[in-house]
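# What follows is a predicted structure for the sequence shown.
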Amino acid sequence: MGDSLDVSDYLRRLSLRMLKLETEPIQLGHQQAVDQSSESKVGQYPTSMLQQQTSCDQQSLCIQVDTKLQEMPPNEHLLDQVPPRSQKKLCMDDRLSDLPDTILHHIMSLLSAQEVARTCILSKRWKELSASAPCLDICVDKFGMDRVRFSEFVAHLLLSRAPNSLHTFRLHSFAIDHASSWINRAIELKAQVLEFTEYIRWESFYLDPQLMAFASQYLKCLKLTNVTLDSNAFEPLNHACPALENLQLSQCFLEVPEICSASLKKLDIMECSLLMNLQIQTPRLVSLRFRCLQYKCSSCSRYPVITAAVTLCDLPNAENIDLSCSGRQVTFGREIQKFPMYGKLTSISLGEWCLSDKFSRLFCLLRHSPELKELTLKLEVERQDHNGEDEIRLMVGRSFSAENLKKVTICCAEGDARAAMLGNMFRANATSLKEMHIKHY
């Protein structure tokens, strides 16, 4: 009974639409006359009369539709009355498949890997399109965290790939040993963008250099989250990835002595744990962000706390640097005493570390950054000496040169007396200073 009501309602609405289209030519024929007289005539009638007339027109149209439906033989549908040629065109009109492969591949790049795989049942062409989709976005969440089904799907998906067809590979996994092999397979397929995320609430995933190698002349962007990288796994990124320009490491454990890629332009090291001292020497680097953990989590308690130092060597092309890691020791290469290391640097963000050793690191950076325009200082929230009396005494009478510095922002806890003294010091030495802001956490 419900199905017959649905069909009748559908036919009724469809007939209303057809009748409306049939009456439109008549209405259009008199449109000019109606437009000329409508403004003068409408005002002569009350609103209730106009609403009543509209209701009568709709009721009359409904009666015509019901009459036509009653005249139709049982089991006969309105679409059966469409001429054969029009009916064939209606059924064969697949506009989506008429689009070129490049556009369909772009649409597929917005879908998950599961959704892309489902399109292969449509036709042989769609099967080929899904096998050569340039973007694969695979997430274990889509499988309800079922690692067995997830592993089977990913393994079959990568084996059925067309050779040399992959541009972007995103993998969100959860404690699956095969992930290293899957990453290696994506590199073999010449992926240019590779993103791997281990389930963030689980322990970090060890990227086994015996099962994978980052060596690739096509890899341009690499993003890793919650992984453990040792020097053997990282070494190819320094010397065997000539196209690598963007490297982003988040919540990782790094046992890496140096980052020295000659092609790298953007480097982000966010909330990572350094298991040894790290030296950064990337001559083409434009943007560097190095931020430490702002809080301690229970999952990190099983790892030893290691305060490793970061050494910055010559970065002649760096324009933006963020070193707002409070508990990290940052040093500079010996060559900083010979020539400006940061000749193009215009914006820098520094942590508490820059005030140590009688502000020597802060003054060193200012001295070797002649084009610096914006400076942000992020002071620690928790301090034993909250008033910083010793540091305040050191600020008195200090001088430095910062000819192009125009904006200074100091972020600190409310009541930190160092902020006002730092502000006075910058006002006295930065001759071009236009903005001074003190923000409280």
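Thanks, I have the structure now.

# alpha carbons only for contacts and neighbour counts from here, please
OK.

# And the closest residue to Ile259 other than its chain neighbours, how far from Ser360?
Closest residue to Ile259 apart from its sequence neighbours, by Cα to Cα, 6 or more residues apart in numbering: Ile280 at 5.0 Å. The gap separating Ile280 from Ser360 is 20 Å, by Cα to Cα, to the nearest Å.

# between these two, who's got more neighbours?
Between Ile280 and Ser360, Ile280 has the larger neighbour count (other Cα atoms under 10 Å), namely 21 against 12.

# May I ask you to confirm that that one is in contact with Cys260?
Yes - at 6.2 Å, Ile280 and Cys260 qualify as touching, with contact defined as Cα atoms under 8 Å.

# Please give me every residue in contact with the residue nearest to Ile259.
Contact analysis of Ile280 by Cα atoms under 8 Å, 6 or more residues apart in numbering lists Glu258, Ile259, Cys260, Val310, Thr311, Leu312, Cys313.

# who's it bridged to?
Beta-bridge partners of Ile280, counted by DSSP bridges, are Ile259, Leu312.

# In the stretch 51-200 of the chain, what residue spans correspond to strands?
In the stretch 51-200 of the chain, the strands defined using DSSP state E, counting those that start in this stretch lie at 135-139, 168-173, 193-198.

# Let's see the second one as CSV, backbone CA atoms only.
Looking back up the chat, that one is strand 168-173. Output of strand 168-173 as CSV, limited to C-alpha atoms (Å, rounded to 0.1, in the frame of the first residue of the first chain):
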residue,chain,number,x,y,z
THR,A,168,49.8,11.4,-3.3
PHE,A,169,49.7,8.7,-0.7
ARG,A,170,48.1,9.2,2.7
LEU,A,171,48.1,6.4,5.2
HIS,A,172,46.6,6.5,8.7
SER,A,173,47.5,3.2,10.4
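
# what angle separates it from strand 135-139?
10 degrees (axes from the mean of the first three to the mean of the last three Cα atoms, to 10 degrees).

# So which bits of stretch 434-441 are buried?
Buried positions in stretch 434-441, judged by neighbour count with 16 or more other Cα atoms under 10 Å: Ile438.

# Contacts for it next, please.
In this structure, residues lying in contact with stretch 434-441 by Cα under 8 Å, 6+ apart are Val381, Lys406, Lys407, Val408, Thr409, Ile410, Cys411, Cys412, Ala413, Glu414, Ala419, Gly423.

# cool, and stretch 224-236?
The contact list for stretch 224-236, computed with Cα under 8 Å, 6+ apart, reads 195-200, 203-209, 213-215, 248-257.

# same check, this time on stretch 237-249
By Cα under 8 Å, 6+ apart, stretch 237-249 touches 214-225, 259-270, 272.

# Weed out the non-buried ones from the contacts of stretch 434-441.
Buried among the contacts of stretch 434-441 (16+ other Cα under 10 Å): Val381, Lys406, Lys407, Val408, Thr409, Ile410, Cys411, Cys412, Ala413, Ala419, Gly423.

# Please produce CSV containing those, extended by pLDDT, secondary structure and distance to Arg125.
As requested, the buried ones among the contacts of stretch 434-441 are arranged in CSV below (pLDDT from 0 to 100; DSSP: H, G, I helix; E, B strand; the rest coil; distance: Cα to Cα, whole Å):
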residue, pLDDT, secondary structure, distance to Arg125
Val381, 73, coil, 60
Lys406, 96, coil, 59
Lys407, 97, strand, 58
Val408, 97, strand, 59
Thr409, 97, strand, 58
Ile410, 95, strand, 59
Cys411, 94, strand, 58
Cys412, 91, strand, 60
Ala413, 90, coil, 62
Ala419, 90, helix, 66
Gly423, 91, helix, 66
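
# where does the stretch 151-300 of the chain dip in pLDDT?
293-300 (pLDDT under 70).

# need the contact list for Thr168.
With Cα under 8 Å, 6+ apart, Thr168 has these contacts: Pro134, Cys135, Leu136, Ala191, Gln192, Val193, Leu194.

# The last one - how many residues pack around it?
When you say that, I think you mean Leu194. Here the number of neighbours of Leu194 (other Cα under 10 Å) works out to 20.

# so what's it bridging to?
Judged by DSSP bridges, the bridge partners of Leu194 are Phe169, Leu222.

# right, and it touches Arg170 too?
Yes - counting by Cα under 8 Å, Arg170 is a contact partner of Leu194 at 6.0 Å.

# Next, Leu224: secondary structure please.
Three-state assignment for Leu224 (DSSP: H, G, I helix; E, B strand; the rest coil): strand.

# any idea which element Cys364 lies in?
Per DSSP states H and E: Cys364 is located in helix 356-367.

# Just the buried positions in that helix, please.
Buried, per 16+ other Cα under 10 Å, within helix 356-367: Arg361, Leu362, Phe363, Cys364, Leu365, Leu366, Arg367.

# which ones are touching the fourth one?
Right, Cys364. Residues near Cys364 by Cα under 8 Å, 6+ apart: none.

# still on that earlier bit, from Ile176, how far off is the residue nearest to Ile259?
32 Å.

# Which parts of this structure belong to which domain?
132-276, 286-294+304-441 (automatic domain parsing).

# JSON lines for those domains, including distance to Ser123?
JSON lines is the format used below for the domains of the chain (distance: least, Cα to Cα, whole Å):
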{"stretch": "domain 132-276", "distance to Ser123": "14"}
{"stretch": "domain 286-294+304-441", "distance to Ser123": "46"}
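
# which residues of the protein fall in helices?
Applying DSSP state H to the chain gives helices spanning 2-29, 31-42, 47-71, 84-92, 101-108, 113-118, 124-131, 147-159, 179-188, 231-239, 356-367, 389-395, 418-429.

# mean pLDDT lowest for which of these?
Lowest mean pLDDT of those: helix 31-42, a mean of 44.

# returning to what we had before: for the strands of the stretch 51-200 of the chain, give me JSON lines that also has distance to Ala117.
Below are the strands of the stretch 51-200 of the chain laid out as JSON lines (distance: least, Cα to Cα, whole Å):
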{"stretch": "strand 135-139", "distance to Ala117": "10"}
{"stretch": "strand 168-173", "distance to Ala117": "15"}
{"stretch": "strand 193-198", "distance to Ala117": "20"}
